[in-house]
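Colleague: Whatever this is, show me its structure:
(one chain, ligands or ions: 1)
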Amino acid sequence: MLSYNPVIKWIVRGLMLAMFLGCLYMPYAMFGVLPMFTFGNEYAAAEDALQKDRQGDAIVPAKISDDMVIGEGKPFVSAEELAQAKKDWMWCGFCHYTAADAPHRIGPNLNGIIGRRVGSKDKYFYTEPFRAAAKAGTIWTEESLNAFIADPAGLYPGNRMRYAPVTDPAKRDRIIKYLKAYTQ
Ligand code: HEC
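Modeller: So this is what the prediction gives:
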């Protein structure tokens, strides 16, 4: 019978092993998840610092209300722009918090990212391109952030942030404004 053929038996075993290894690798390939280095245990302690914003589905620092970020001299000109920015931010927020006392998620906490050294957050396991930039003392600017989200795999090749390029410049602007607004 076919199933007793030893060659086929080993091919099937090989396929099963390949599938098993594929399952282990998938979360890394798709989301850059490293279970050993994702500090979920800090999450409960940090809950207080965050609130779920139902309107925009974003998780924002509880201390910062809408009126603090909309108006003259503030990041957003209108409630509509802020609502749109929260939507644009939604996927970033899946992997990053911005509140000072919030933990890391899949990606590092982005509090104060503009003006901060690249790859410099404590207790976060960065990949080599970010570690090299940290050593070189590279600072995140609005321009470099803009270039990074326009092509996450391009600016720091080999990093493990899995996100599609944000091709719309207006959307990139709003995301950067969001980072500024929710970082105080
Ligand atoms: C699927 C998860 C995921 C999503 C979505 C994501 N990121 Fe990241 N991000 C990461 C990971 C992981 C790293 C660390 C990469 C490394 O060390 O190679 C990172 C790193 C960064 C850094 C560098 C941080 C530092 O400390 O230098 C910035 C800035 C950043 N992301 C911004 C964003 C923005 C803005 C968005 C939305 C447009 C976004 N990320 C979406 C996972 C994600």
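
Colleague: drop to CA atoms for contacts and neighbour counts, all remaining ones
Modeller: Fine.

Colleague: Enumerate the residues of the chain near the ligand.
Modeller: Residues of the chain found near the ligand (CA under 6 Å from any ligand atom) are 31-32, 91-92, 94-95, 106-108, 118-121, 126-127, 130, 149, 159-163.

Colleague: biggest helix in the chain by residues?
Modeller: helix 6-31 (DSSP state H).

Colleague: Mind checking which of the residues of the chain next to the ligand are in strands?
Modeller: Counting by DSSP state E, none of the members of those fall within strands.

Colleague: Rounded mean pLDDT for the longest helix of the chain, please.
Modeller: Averaged across helix 6-31, pLDDT comes to 90.

Colleague: and if you look at stretch 34-53?
Modeller: Rounded mean pLDDT across stretch 34-53 is 62.

Colleague: what's near enough to touch residue 127?
Modeller: Applying CA atoms under 8 Å, 6 or more residues apart in numbering to residue 127 gives the contacts 158-160.

Colleague: Out of these, who's the most crowded?
Modeller: Compared across the contacts of residue 127, residue 160 has the highest neighbour count, 23 neighbours, by other CA atoms under 10 Å.

Colleague: The chain - how does it break down into domains?
Modeller: What automatic domain parsing lists as the domains of the chain is 1-31, 40-181.

Colleague: Out of those domains, which is the most enclosed?
Modeller: Mean neighbour count (mean count of other CA atoms under 10 Å) peaks for domain 40-181 among the domains of the chain, with a mean of 17.

Colleague: Who are the packing partners of the helix or strand where residue 60 lies?
Modeller: Secondary structure assignment for residue 60, by DSSP states H and E: strand 58-61. Judged by 3 or more CA pairs under 8 Å, 6 or more residues apart in numbering; DSSP states H and E, strand 58-61 is in contact with strand 50-53, helix 79-95.
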